[in-house]
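Chemist: Okay, here's the prediction I keep looking at, along with the sequence it came from:
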Amino acid sequence: MTHSNTQHSALTPQDIQAVSPALATYTQKAVTERLWNRPELLRRDRSLITAAALIARLQTIGVPHYFNVALDSGVTPAELSELVLQLAFYAGWSSALSAVPALQQIFAERGIGTDQLPEISPRLLPLNEQAEAQRATAVEQNFGAVAPGVVEYTTELLFRDLWLRPALAPRDRSLITVSALIASGHVAQITYHLNRAMDNGLSQSQASEMLTHLAFYAGWPSVFSALPIVKEIFQKRSGTAAQKTS
Amino acid sequence: MTHSNTQHSALTPQDIQAVSPALATYTQKAVTERLWNRPELLRRDRSLITAAALIARLQTIGVPHYFNVALDSGVTPAELSELVLQLAFYAGWSSALSAVPALQQIFAERGIGTDQLPEISPRLLPLNEQAEAQRATAVEQNFGAVAPGVVEYTTELLFRDLWLRPALAPRDRSLITVSALIASGHVAQITYHLNRAMDNGLSQSQASEMLTHLAFYAGWPSVFSALPIVKEIFQKRSGTAAQKTS
Amino acid sequence: MTHSNTQHSALTPQDIQAVSPALATYTQKAVTERLWNRPELLRRDRSLITAAALIARLQTIGVPHYFNVALDSGVTPAELSELVLQLAFYAGWSSALSAVPALQQIFAERGIGTDQLPEISPRLLPLNEQAEAQRATAVEQNFGAVAPGVVEYTTELLFRDLWLRPALAPRDRSLITVSALIASGHVAQITYHLNRAMDNGLSQSQASEMLTHLAFYAGWPSVFSALPIVKEIFQKRSGTAAQKTS
């Protein structure tokens, strides 16, 4: 690790061009100009998805560029900081820490001090007691005897603490989490978290476009592995919606 | 990211020896002398497989050494450049970009300019209209309503553009793609791409040796997770071959 | 790769604080003070699990800190060296090599020379001929025709060589391997190796706590993907144990 005495600078188009002029052109035309301007998702949402994918896949080379893009697209320093915290739990502690040196430099360059970052112990959002009791009971019954430590921390640290921190809207926290799951191939965990994301306000069209965006940043195979699960979720939810309105 | 003012040098045998003399010896005897000289695959093919695994798993430490090996084993600068482009789509944009700084330095050291790299918009290889129509229809029926953006880009950017670029032979492009899939654990995507690779000329013996080679570079577990799928593909294809000749 | 002329220094709490004061606090309170002091596993075991997860997920930023923690927690230089060798095979060659620069520096700083590291060709531990014959036969029948090279190397290099090296106790070698499998999402390979670990002396309570520890270092999703498999193994083994005592 070389953070202490090194500049974390973004790759330039010229760097990419020296290795693959075609890749430089696709980056400019297909990604920067076209993908990022598709109306199905705001640039702010795309920034959250991209940042989550970069950390989940440890693509630290993209942090200097895309974390600056995030700040220029309406993601606040507090939200970006909280994204790193969320991914410590959902991508692994040291994967999140890998983004620290470059983000530290960005915050320093922009004069962003800790006063602009989320409190350590904020007043938490209200807990949906019923949904949480349901989740906790299901996990306890399924895995309580196998991994009591995991089950205990999941309730205490994640669902009665992290997920209730106000620095990210629940919908954004879910969007980041689902993006990280898809980017790191954790297909079995998508169902719970994508449903939660949609319960928290992510529309089907936004979820669909999240996949389009992730195809580029997590790679096509990650998205194709997620598609059957996402399809099933969309179908079940539209069945439920139909029932509710009938 | 520290590319701008840093030398990207390969690990030396002495570096490895200082940490694990046994690892230095296995590297020399089992890998460099034995694995790389097995007759089942050319060193050129092994270089493509290794480069794909390094990018798919973000093992940038191996890029300086193995990308030089590739150039010394008959992989052209244009092919290596195109490999990076292919993996932008199949391993994620920033995973491919992670190889740029070291490869940029290698190209500079060898005096390889962009005139030796693939054109941005070359004349494309002819499209197999029937096979592509079949693929596009299957994907559209399966996922068209779930992720229209993914489906659209898959056809337009991948199968009617990237896969038709002449800078890599279709067999080599497939070999790289399958290697990346196995190296990153995308088991569900192997069937389509390994069949495509074998349709494009990868023999069963070469596909089998690809697994041997990947055991070292992607790790034993990646290969053992892929084996059941590969076995099924080999069996189905030999069934088809038997039918055809009977 | 920048190892040659760079210092590999650990992230400081101040670095983390500048990006996320909450993450710095969770790191101190929930991880350093609480997780690492839970009585279910020794700090020595936690160090092995953490080191394995860091290499398996290529989180090289954590190597300077946690490999020093390992040496301060009773892991010997020889064991740490051998861990890197084991993971060359189980996480991929270049993933293991990614830990070399920082570990090389740690060994130099502590004056640890190659005389303290495992021999290249030590006298091997005795082979359990019956268990190995069973394993080899099963793998040969299943995959011998598909990937003869993989099957041959698996027997020769892994089970008749690497696994018999005395520099790590078989239980520790298994603990590292299972941790790497879970950390990199190789769910299908857990059954064989967790059973082997438990046959070699890892207790169910230790295996369970390994999951708690990995939740932090490999991320919650990796552990939740492993839980159903681990549950099944625990159930089958307690069934067998019950049978044996009845």
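Modeler: Right, received. Where do you want to start? Numbering: from 1, shown residues only, chains lettered A, B, ... in the order given.
Chemist: longest helix anywhere in chain A?
Modeler: For chain A, the helix with the greatest residue count under DSSP state H is helix A:220-245.
Chemist: Tell me the helices and strands packed up against that helix.
Modeler: Where contact means 3 or more Cβ pairs under 8 Å, 6 or more residues apart in numbering or on different chains; DSSP states H and E, helix A:220-245 is packed against helix A:170-183, helix A:190-199, helix A:204-218, helix B:77-91, helix B:129-143. To be clear about C-beta, it is placed using only N, CA and C from the backbone, and glycine gets the same treatment.
Chemist: repeat that with 10 Å
Modeler: helix A:170-183, helix A:190-199, helix A:204-218, helix B:77-91, helix B:129-143, helix B:148-153, helix B:170-183, helix B:190-199 (3 or more Cβ pairs under 10 Å, 6 or more residues apart in numbering or on different chains; DSSP states H and E).
Chemist: Would you mind listing the buried residues in the last one?
Modeler: What that stands for is helix B:190-199. B:190, B:192-198 (16 or more other Cβ atoms under 10 Å in any protein chain shown).
Chemist: Kindly report the same for the third one.
Modeler: Judged by neighbour count (16+ other Cβ under 10 Å), helix A:204-218 contains these buried residues: A:204, A:206-218.
Chemist: Show me which of the residues you listed is closest to chain C.
Modeler: residue A:218 (13.9 Å; Cβ to the nearest Cβ).
Chemist: doesn't residue A:178 make contact with the closest one?
Modeler: No - between residue A:218 and residue A:178 there is no contact under Cβ atoms under 10 Å: 11.5 Å.
Chemist: Pull up the overlap in contacts between those two.
Modeler: Listed contacts common to residue A:218 and residue A:178 are A:49, A:52, A:211, A:226; contacts here mean Cβ atoms under 10 Å, 6 or more residues apart in numbering or on different chains.
Chemist: So what's the residue count around residue A:168?
Modeler: As a burial measure, residue A:168 scores 25 neighbours (other Cβ atoms under 10 Å in any protein chain shown).
Chemist: Just give the closest residue to it, not the sequence neighbours.
Modeler: residue A:82 (4.8 Å; Cβ to Cβ, 6 or more residues apart in numbering or on different chains).
Chemist: Secondary structure element for residue A:63, which one?
Modeler: Using DSSP states H and E, the element containing residue A:63 is helix A:63-72.
Chemist: Quick one: mean pLDDT for that helix?
Modeler: Averaging pLDDT along helix A:63-72 gives 97.
Chemist: how about that helix, does it reach chain B?
Modeler: Yes - judged by Cβ under 10 Å from any Cβ of the partner chain, helix A:63-72 and chain B are in contact via A:63-66.
Chemist: Would you mind giving the buried residues of helix A:204-218 as TSV with pLDDT and distance to residue B:173 added?
Modeler: Formatted as TSV, the buried residues of helix A:204-218 follow (pLDDT from 0 to 100; distance: Cβ to Cβ, whole Å):
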residue	pLDDT	distance to residue B:173
A:204	98	34
A:206	98	33
A:207	98	31
A:208	98	28
A:209	98	28
A:210	98	28
A:211	98	24
A:212	98	23
A:213	98	24
A:214	98	22
A:215	98	18
A:216	98	19
A:217	98	21
A:218	98	20
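Chemist: Tell me the one of those nearest chain B?
Modeler: Closest to chain B, out of all of the buried residues of helix A:204-218 and judged by Cβ to the nearest Cβ, is residue A:212, at 3.2 Å.
Chemist: for that closest one, what are its contacts?
Modeler: A:35, A:38, A:40-41, A:46, A:49, A:223, B:147-154.
Chemist: Let's see that with 6 Å instead.
Modeler: B:149-150 (Cβ atoms under 6 Å, 6 or more residues apart in numbering or on different chains).
Chemist: pLDDT score assigned to the most centrally placed residue in chain A?
Modeler: By Cα atoms, centre = their mean, chain A has its centre lying nearest to residue A:176, at 2.0 Å. What the model reports for residue A:176 is a pLDDT of 98.
Chemist: shouldn't it be in contact with residue A:50?
Modeler: No - assessed by Cβ atoms under 6 Å, residue A:176 is found out of contact with residue A:50, at 10.4 Å.
Chemist: How confident was the prediction at residue A:101?
Modeler: On pLDDT, residue A:101 comes in at 96.
Chemist: elements contacting the helix or strand harbouring it?
Modeler: Element membership for residue A:101, per DSSP H and E: helix A:100-109. Where contact means 3 or more Cβ pairs under 6 Å, 6 or more residues apart in numbering or on different chains; DSSP states H and E, helix A:100-109 is packed against helix A:63-72, helix C:13-19.
Chemist: One more pass at 10 Å, please.
Modeler: Helix A:100-109 packs on helix A:63-72, helix A:77-90, helix C:13-19, going by 3+ Cβ pairs under 10 Å, 6+ apart.
Chemist: any idea of the mean pLDDT in the longest one?
Modeler: For helix A:77-90, the per-residue pLDDT values average out at 98.
Chemist: Could you quantify the relative orientation of it and helix C:204-217 as an angle?
Modeler: Orientation note: helix A:77-90 sits at an angle of 160 degrees relative to helix C:204-217 (axes from the mean of the first three to the mean of the last three Cα atoms, to 10 degrees).
Chemist: if we can go back for a sec, going by neighbour count, which residues of the longest helix of chain A are buried?
Modeler: Judged by neighbour count (16+ other Cβ under 10 Å), helix A:220-245 contains these buried residues: A:220-227, A:229-230, A:233-234, A:237.
Chemist: if we can go back for a sec, quick one: which of the buried residues of helix B:190-199 is nearest residue C:8?
Modeler: residue B:190 (36.5 Å; Cβ to Cβ).
Chemist: So the closest one versus chain A, what's the distance?
Modeler: Look at residue B:190 and chain A: by Cβ to the nearest Cβ, to the nearest Å, they are 9 Å apart.
Chemist: residues contacting the nearest residue to that residue once chain neighbours are set aside?
Modeler: Among residues not flanking residue B:190 along the chain, residue B:229 sits closest, at 4.8 Å (Cβ to Cβ, 6+ apart). Neighbouring residues of residue B:229 by Cβ under 10 Å, 6+ apart: B:181-182, B:187-191, B:194.
Chemist: For the residues you listed, could you give me JSON lines that also reports pLDDT?
Modeler: As requested, those are arranged in JSON lines below (pLDDT from 0 to 100):
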{"residue": "B:181", "pLDDT": "98"}
{"residue": "B:182", "pLDDT": "98"}
{"residue": "B:187", "pLDDT": "95"}
{"residue": "B:188", "pLDDT": "95"}
{"residue": "B:189", "pLDDT": "97"}
{"residue": "B:190", "pLDDT": "98"}
{"residue": "B:191", "pLDDT": "98"}
{"residue": "B:194", "pLDDT": "98"}
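Chemist: Cheers, nothing more for now.
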